[in-house]
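1. Predicted coordinates and the sequence they were generated for:
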Amino acid sequence: MNNPAPSDNAAPQDAAPAHIAVRRHGQVAEVVLDRPDALNAISTALAAELGDKVSALASDPNVRAVVLSAAGDRAFCVGADLKERNEFTDADLLAQRPVFRRAFGSIIDLPVPAIAAVSGFALGGGFELALGCDLIVADDGAQFGLPEVTVGLVPGGGGTQLLSRRSGLTRAADLIYTGRRISADEASALGIVNRRVPGRHTARDAALELAAQIAANSPVGVRNAKHALRTGIELPLTAGLDVEDSAWRATAFSADRVEGIRAFAERRKPQWPS
């Protein structure tokens with residue numbers, strides 16, 4: 001009897017297990033942290049794979065929004081894999097650092113809007129991955145925290161910079177200096193969470209719905225708006241307004257503007273050419 005042919009999706013037996021899944025929902029790409037048995041802790045392998053797959057999406061013209069979600073019922077991501085690090089030498093830790101910086105940076109550098117869908121624990125690097133996104137959607141089960149100082153570290157995935165920009169310096173100092181956890185309610189009150197949805201395990205669907213709404217808009221307009229927002233916040237107002245003017249010109253004289261205004265006049269949905 002002949003053995004059945006292997007599936008096209010079958011991985012070689014000696015291949016490393018995948019820790020990141022990418023799912024397509026039309027023009028929305030969902031990046032899934034897929035290590036639920038370890039509460040999606042960030043190992044060196046997961047970080048390397050995340051950097052590779054997100055960087056590939058950044059150069060894909062068919063992607064108009066990205067949702068960062070997670071597998072399992074308990075956690076979005078509990079941060080760096082401390083069990084792995086417990087076996088590290090100083091040289092190992094130093095070698096891991098650029099891999100981690102690339103992974104976190106790949107989220108921050110996405111040219112399209114990124115939305116974190118947080119259910120369960122988002123701690124340490126998990127919280128920082130969410131902070132690297134433009135928007136955070138959280139449900140009743142979400143908990144956030146940057147506990148690095150409780151284990152002899154400081155946030156290293158952007159937490160000291162991203163949290164202070166999102167919630168303000170003193171609020172970020174409170175969370176970082178104490179290492180305490182906060183609920184979705186408190187995170188929403190502090191301006192960390194953009195959309196708070198009721199129930200548990202509901203953040204993913206809400207984030208995908210939000211991403212679809214964004215993806216329906218002008219891809220040129222959305223990309224240029226993100227560039228203006230992210231670049232201008234680092235500049236004095238006058239310089240920021242110049243960045244906005246450049247973004248406006250790049251969008252106003254595009255084919256998207258022609259189609260958008262024509263569709264409005266004809267009372268139909270735009271068919272974006274870009």
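-> Noted; the coordinates are in hand. Numbers count the residues shown, from 1 in each chain.
2. just for the stretch 101-250 of the chain, where's the confidence low?
-> For the stretch 101-250 of the chain, not a single residue meets the criterion pLDDT under 70.
3. quick one: the helices in it?
-> Counting by DSSP state H, counting those that start in this stretch, one finds helices in the stretch 101-250 of the chain at the ranges 125-131, 159-167, 169-178, 184-189, 203-215, 219-232, 237-252.
4. any chance of those in TSV, plus mean neighbour count and distance to residue 97?
-> Where you see a C-beta, it was placed from the backbone N, CA and C, and this is true even at glycine. Converted to TSV, those look like this (neighbours: other Cβ atoms under 10 Å; distance: least, Cβ to Cβ, whole Å):
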stretch	mean neighbour count	distance to residue 97
helix 125-131	29	12
helix 159-167	18	15
helix 169-178	15	19
helix 184-189	18	28
helix 203-215	21	30
helix 219-232	18	24
helix 237-252	14	31
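5. Enumerate the positions of stretch 73-81 that are buried.
-> 75, 76, 77, 78, 79, 80, 81 (16 or more other Cβ atoms under 10 Å).
6. for residue 241, what are its contacts?
-> By Cβ atoms under 8 Å, 6 or more residues apart in numbering, residue 241 lies in contact with residue 232.
7. Kindly report the same for the one 10 residues further on.
-> Taking Cβ under 8 Å, 6+ apart, we find residue 251 in contact with 218, 220, 221, 224, 257.
8. Just give the number of residues close to residue 109.
-> Close neighbours of residue 109, defined as other Cβ atoms under 10 Å, add up to 14.
9. correct me, but it touches residue 58?
-> Yes: proximity of residue 109 to residue 58 meets the contact threshold set by Cβ atoms under 8 Å, at 6.7 Å.
10. quick one: residue 116 from residue 106, how far?
-> 14 Å (Cβ to Cβ, to the nearest Å).
11. Next, format the helices of the stretch 101-250 of the chain as CSV and append distance to residue 46.
-> Putting the helices of the stretch 101-250 of the chain into CSV (distance: least, Cβ to Cβ, whole Å) gives the following:
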stretch, distance to residue 46
helix 125-131, 10
helix 159-167, 18
helix 169-178, 24
helix 184-189, 24
helix 203-215, 19
helix 219-232, 25
helix 237-252, 34
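12. could you list every residue that touches residue 166?
-> 131, 172, 191, 192.
13. and with 6 Å instead?
-> residue 192 (Cβ atoms under 6 Å, 6 or more residues apart in numbering).
14. before we move on, what about residue 23?
-> Contacts of residue 23 by Cβ under 6 Å, 6+ apart are residue 30.
15. Can you read off the backbone torsions of it?
-> Torsion angles at residue 23 (phi, psi; degrees, to the nearest 10) stand at phi -120, psi 140.
16. next one: the one 10 residues further on
-> Backbone dihedrals for residue 33, given as degrees, to the nearest 10, come out at phi -70, psi 110.
17. How many residues are close by it?
-> 25.
18. isn't it right up against residue 42?
-> No: taking Cβ atoms under 6 Å as the definition, residue 33 is not a contact partner of residue 42, at 8.2 Å.
19. Looking only at neighbour counts, state which of residue 116 and residue 106 leads.
-> Between residue 116 and residue 106, counting by other Cβ under 10 Å, residue 116 is the more crowded of the two (30 against 22).
20. and the closest residue to residue 102 other than its chain neighbours, what pLDDT?
-> Nearest residue to residue 102 in three dimensions, chain neighbours excluded: residue 51, at 4.1 Å (Cβ to Cβ, 6 or more residues apart in numbering). Residue 51 carries a pLDDT score of 98 in this model.
21. swap in residue 18?
-> pLDDT, residue 18: 89.
22. For it, which three-state class applies?
-> Secondary structure assignment for residue 18 (DSSP: H, G, I helix; E, B strand; the rest coil): coil.
23. One more: residue 24?
-> strand.
24. tell me the domain boundaries of this protein?
-> 20-215, 219-265 (automatic domain parsing).
25. Endpoints of the longest one, how far apart?
-> Just to be clear, that refers to domain 20-215. 22 Å (Cα to Cα, to the nearest Å).
26. Quick one: distance of that domain to the chain centre.
-> Taking Cα atoms, centre = their mean, to the nearest Å, the mean C-alpha location of domain 20-215 is offset from the chain mean by 6 Å.
27. before we move on, the earlier item: out of the buried residues of stretch 73-81, which sit inside strands?
-> 75, 76, 77 (DSSP state E).
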